[in-house]
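In: Provided below for reference: sequence and predicted model.
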Amino acid sequence: MEYKKGDRVKHPTKDEWGLGEVLTDSNGETLKIFFVGVGEKTIALNYVKPIKVGPDESSHPVLDNLKIRKSSSGIKYQSLPQSIQFFLENFPEGFYGSRFKEERDYKDHAHRLALELLGRATFSSLLQNEKYSEIVKRALKVVNATNLIFPNEKMALKDGLAKPKVHELFSINLFKLLFGDEDLKDRFEAFSTVLENIDAAKWTTASYFPFFVLPEQYMFVKPTITKHASELCGFEINYNPRLNWLTYKSVLEFSDYLFAELSELKPRDMIDVQSFMWCIAPDNY
């Protein structure tokens with residue numbers, strides 16, 4: 001049987017390896033395959049004939065976004081069941097235990113504060129009354145509610161918003177990002193442009209407000225943690241330090257994948273998922 005790069009296959013006897021993707025065209029002797037359950041394997045074709053999988057069975061979030069380049073961080077692939085096991089070793093009661101409560105509580109506080117200060121009805125009223133400086137004041141208060149944004153990045157945002165003339169543009173585009181009807185790509189790019197113009201274009205700043213106002217939908221992008229978690233899972237997030245839609249879209253897809261795969265642990269929202277990503281990243285626990 002001939003195998004080509006990109007073919008989706010299964011091992012004939014190792015069901016636990018799960019779905020795989022052929023990484024290189026077959027040379028007739030060996031075949032490199034990335035399996036979701038174990039990572040990259042080299043198969044000797046004299047002994048094993050992988051089973052090709054048809055279109056109806058061939059889709060998988062990791063393989064559809066497979067990251068196979070060697071990472072500069074040296075992080076090796078770890079299957080999600082292994083990551084969940086590692087997580088539960090450190091948090092035996094999962095997302096609802098007393099130990100995890102320490103990870104979640106301060107983020108819950110920031111979420112409640114964000115809803116109080118920048119919830120849709122309140123935010124809309126402030127905009128209608130052209131209370132732009134008040135919106136900026138509230139936004140900075142929400143930012144200061146956690147340590148998730150580095151102090152120098154907080155300062156960059158504060159300095160960038162020091163001039164009242166930028167308050168209106170910032171306020172309007174932040175509202176659109178959170179609650180607008182336009183395509184998310186357009187809203188994200190418009191808000192990113194505002195941050196670029198005030199020299200505050202950081203991933204933490206751009207993703208912070210959606211995450212805390214609407215944590216059931218959006219993920220916070222802490223670059224190092226997000227990259228490490230995605231590399232551990234073999235999921236390509238197309239990271240670029242400059243704000244861009246492809247990276248943000250990929251992070252949201254990665255987050256949705258994790259949320260679905262963690263269903264047995266009953267994550268409440270992306271706050272739980274982001275905390276999970278932090279907990280499984282190397283050297284955190």
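Out: Right, received. Where do you want to start?
In: Number of residues surrounding the residue lying closest to Q78 once chain neighbours are set aside?
Out: Counting by C-beta to C-beta, 6 or more residues apart in numbering, Q78 lies nearest to L232, which is 5.0 Å off, once chain neighbours are set aside. For the C-beta atoms, the positions are set from N, CA and C on the backbone; glycine is no exception. L232 has 23 neighbours, counted by other C-beta atoms under 10 Å.
In: Quick check: L232 vs A281, distance?
Out: 7 Å (C-beta to C-beta, to the nearest Å).
In: Next: D7.
Out: Counting by C-beta to C-beta, the gap from D7 to A281 is 32 Å.
In: returning to that earlier point: verify the stated contact: the residue nearest to Q78 with I84.
Out: No - L232 is beyond contact range of I84, at 11.8 Å (criterion: C-beta atoms under 8 Å).
In: wouldn't L118 be in contact with Y208 here?
Out: No - L118 is beyond contact range of Y208, at 11.2 Å (criterion: C-beta under 8 Å).
In: Only the buried residues of stretch 137-147, if you could.
Out: R138, A139, V142, V143, A145, T146 (16 or more other C-beta atoms under 10 Å).
In: CA atoms only for that stretch - export them in PDB, please.
Out: Coordinates of each C-alpha in stretch 137-147 appear next as PDB, following Å, rounded to 0.1, in the frame of the first residue of the first chain:
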ATOM      1  CA  LYS A 137     -10.800  55.100  33.800                       C
ATOM      2  CA  ARG A 138     -13.000  51.900  34.200                       C
ATOM      3  CA  ALA A 139     -10.900  50.000  31.700                       C
ATOM      4  CA  LEU A 140      -7.700  50.700  33.500                       C
ATOM      5  CA  LYS A 141      -9.300  49.700  36.800                       C
ATOM      6  CA  VAL A 142     -10.300  46.300  35.300                       C
ATOM      7  CA  VAL A 143      -6.700  45.900  34.000                       C
ATOM      8  CA  ASN A 144      -5.300  46.600  37.400                       C
ATOM      9  CA  ALA A 145      -7.600  44.000  39.000                       C
ATOM     10  CA  THR A 146      -5.100  41.200  38.200                       C
ATOM     11  CA  ASN A 147      -1.400  40.600  37.700                       C
END
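In: which residues sit against that stretch?
Out: 106-107, 109-110, 113-114, 117-118, 126, 149, 154, 157-158, 161, 170, 174, 205, 208-209, 212 (C-beta atoms under 8 Å, 6 or more residues apart in numbering).
In: sorry, back to before: the residue nearest to Q78 should be in a strand, yeah?
Out: No - read with DSSP: H, G, I helix; E, B strand; the rest coil, L232 is helix and lies in no strand.
In: ok now stretch 145-155, how far from the chain's centre?
Out: 19 Å (C-alpha atoms, centre = their mean, to the nearest Å).
In: And the strands in the stretch 1-150 of the chain, which stretches?
Out: Listed in chain order, the strands of the stretch 1-150 of the chain (DSSP state E, counting those that start in this stretch) span 8-10, 20-22, 30-35, 39-44, 51-52.
In: Just the element for Q274, please.
Out: Using DSSP states H and E, Q274 maps to helix 270-280.
In: and that helix, what other elements does it pack with?
Out: Applying 3 or more C-beta pairs under 8 Å, 6 or more residues apart in numbering; DSSP states H and E, we find helix 270-280 packed against helix 80-90, helix 98-118, helix 203-213, helix 223-233, helix 245-261.
In: And the average pLDDT for the second one is what?
Out: Yep, that's helix 98-118 we're talking about. For helix 98-118, the mean pLDDT works out to 96.
In: packing partners for that helix?
Out: Helix 98-118 is packed against helix 132-143, helix 203-213, helix 270-280, with contacts defined by 3+ C-beta pairs under 8 Å, 6+ apart.
In: Compare the ones you listed and give me the one nearest N90.
Out: Relative to N90, the nearest member of the helices and strands packed on helix 98-118 by C-beta to C-beta is helix 270-280, separated by 6.4 Å.
In: quick revisit: kindly indicate which of the buried residues of stretch 137-147 lies nearest H60.
Out: T146 (34.0 Å).
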